[in-house]
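> Quick one, fold the following:
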Amino acid sequence: MAESKDSHIVEIPVDSEHEQKKLLPSISNIVEAIEDHPLTEISESPGHLLLLKLWQREEEIFGRRIAHKELRMDSIKRDLFQLSSFFFIFHFLFFTLLFSSSVNTSDDGSRGKWWIPSVISAATSAVFVVLVQVKVNAYWRVWREVKREREGSRGVTRCVQELRMKGASFDLSKEPNQSGGKKMKSSSVEINWKPWSWCCKNLLTICIVCFSGLAVPASKFVLCGL
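You can find the predicted model right below:
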């Protein structure tokens, strides 16, 4: 029993020394990997470090611009929804009053003035059409700006990623707009028919115009046809 205890006591320091010898090469490998890492090379190069900070700052600026313009797009969408709601509510109330007046009166003279409500409906509709179209144009203008900002942000992001991967071997003369190279053409043929594209962008205005075109003769029908 004494011999087994002594042998057990002797084996502990031998195992710890063996484990320490095994850990030393792995620690040295980790230190060498850290020293050879591109980020370490960038931190030791003032030019590359400054360029990385400038591009990261530019990324933040692009992000703030995109967020601001997206909020503007959401605000324009709310305005369009409100204008459309007011337009249909107005015509609902307008035709309700027109129908009530046509039922309560049977005077042919008042019915002969059917053009007055038609002119009112047409003028009001024209105002709403102009307001809606102005908002629609503003929305697509901001949308194009957001698209350009996102393209610029992607170019800066590609440069930052490339700089982090290459380290000190990165070419400092490279610019974000040159990092992506030329735009790759899509393998599929994209059909861009301008009339169809215009109709899709101005669909809300087209719907309001069509409804207005029906509302003007409807005034005469309500007054004279009942």
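
> Please save the CA atoms from whichever strand or helix holds residue 40 in CSV.
Applying DSSP states H and E as the criterion places residue 40 in helix 38-44. The C-alpha coordinates for helix 38-44 follow below in CSV (Å, rounded to 0.1, in the frame of the first residue of the first chain):
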residue,chain,number,x,y,z
PRO,A,38,-4.2,41.7,-40.7
LEU,A,39,-5.7,43.8,-37.9
THR,A,40,-2.4,43.8,-36.1
GLU,A,41,-0.6,44.8,-39.3
ILE,A,42,-3.2,47.6,-39.7
SER,A,43,-2.7,48.9,-36.2
GLU,A,44,1.1,49.0,-36.8
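
> So what touches that helix?
34, 48-49, 52, 163-169 (CB atoms under 8 Å, 6 or more residues apart in numbering). C-beta: built from backbone N, CA, C; applies to glycine.

> Please produce TSV containing those residues, extended by secondary structure and pLDDT.
Shown next, in TSV, are the contacts of helix 38-44 (DSSP: H, G, I helix; E, B strand; the rest coil; pLDDT from 0 to 100):
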residue	secondary structure	pLDDT
34	helix	48
48	helix	74
49	helix	78
52	helix	78
163	helix	77
164	helix	79
165	helix	80
166	helix	77
167	helix	73
168	helix	71
169	helix	73
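
> Show me which of those residues are buried.
48, 52, 163, 167 (16 or more other CB atoms under 10 Å).

> wait, what's in contact with the residue nearest to the third one when sequence neighbours are not counted?
Closest residue to residue 163 in three dimensions, ignoring its sequence neighbours and counting by CB to CB, 6 or more residues apart in numbering: residue 170, at 4.7 Å. Neighbour list for residue 170: 48, 162-163 [criterion: CB under 8 Å, 6+ apart].

> can you give me the helices in the chain?
Counting by DSSP state H, one finds helices in the chain at the ranges 2-35, 38-44, 46-104, 108-111, 115-166, 176-179, 194-201, 203-224.

> Which of those has the lowest mean pLDDT?
Ranked by mean pLDDT, those bottom out at helix 2-35, with a mean of 48.

> Could you report the distance from residue 214 to residue 130?
In this structure, residue 214 and residue 130 are 19 Å apart, going by CB to CB, to the nearest Å.

> related to what we said a few turns ago, and which of the contacts of residue 170 is nearest to residue 61?
Proximity of the contacts of residue 170 to residue 61 (CB to CB) peaks at residue 163, which lies at 17.6 Å.

> quick one on the thing from earlier: could you dump the contacts of residue 170 to TSV with distance to residue 89?
Output for the contacts of residue 170, formatted as TSV (distance: CB to CB, whole Å):
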residue	distance to residue 89
48	61
162	55
163	56
